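Quick check, what structure comes out for this input:
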Amino acid sequence: MLADKAYDTNAIRDLIECQGAVPNIPSKANRRWKSCFSRTLYKGRNAVERMFCRLKDYRRIATRYDKLATNFVGAIYLVAAITWWL
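Down below sits the predicted model:
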């Protein structure tokens, strides 16, 4: 489970571990106990987050003008192809 520093609490870490996943959350600066953290796994999360930011640059996607889900997904495919090409 990948998350950012805002989710660095014992309750959230325990919930993730109870569900059988391993939390990969960077520790806050003021936390006494520092958990293990993999920067290589965290880079994948950053790439996905940047992709969503690029998609939201297009007003039609950010505000979801399309009423039908198929039209919305088609617009996402189109924008993803354009951003990949550029």
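
hey, let's count contacts and neighbours off CA atoms from now on
Fine.

what's near enough to touch residue 62?
Residue 62 makes contact with 55, 56, according to Cα atoms under 8 Å, 6 or more residues apart in numbering.

Quick check, residue 22 in contact with residue 16.
Yes. Using Cα atoms under 8 Å, residue 22 is in contact with residue 16, at 6.7 Å.

what touches both of those two?
Shared contacts of residue 22 and residue 16, defined by Cα under 8 Å, 6+ apart, comprise residue 1.

Is the residue nearest the centre of the chain in a helix, a strand, or coil?
Against the mean C-alpha coordinate of the chain, by Cα atoms, centre = their mean, the closest residue is residue 49 at 4.6 Å. For residue 49, the assignment made with DSSP: H, G, I helix; E, B strand; the rest coil gives helix.

For residue 19, see how far away it is.
Here the criterion is Cα to Cα, to the nearest Å. By it, residue 49 lies 24 Å from residue 19.

which phi and psi does residue 2 have?
Dihedral pair for residue 2: phi -100, psi 130, per degrees, to the nearest 10.
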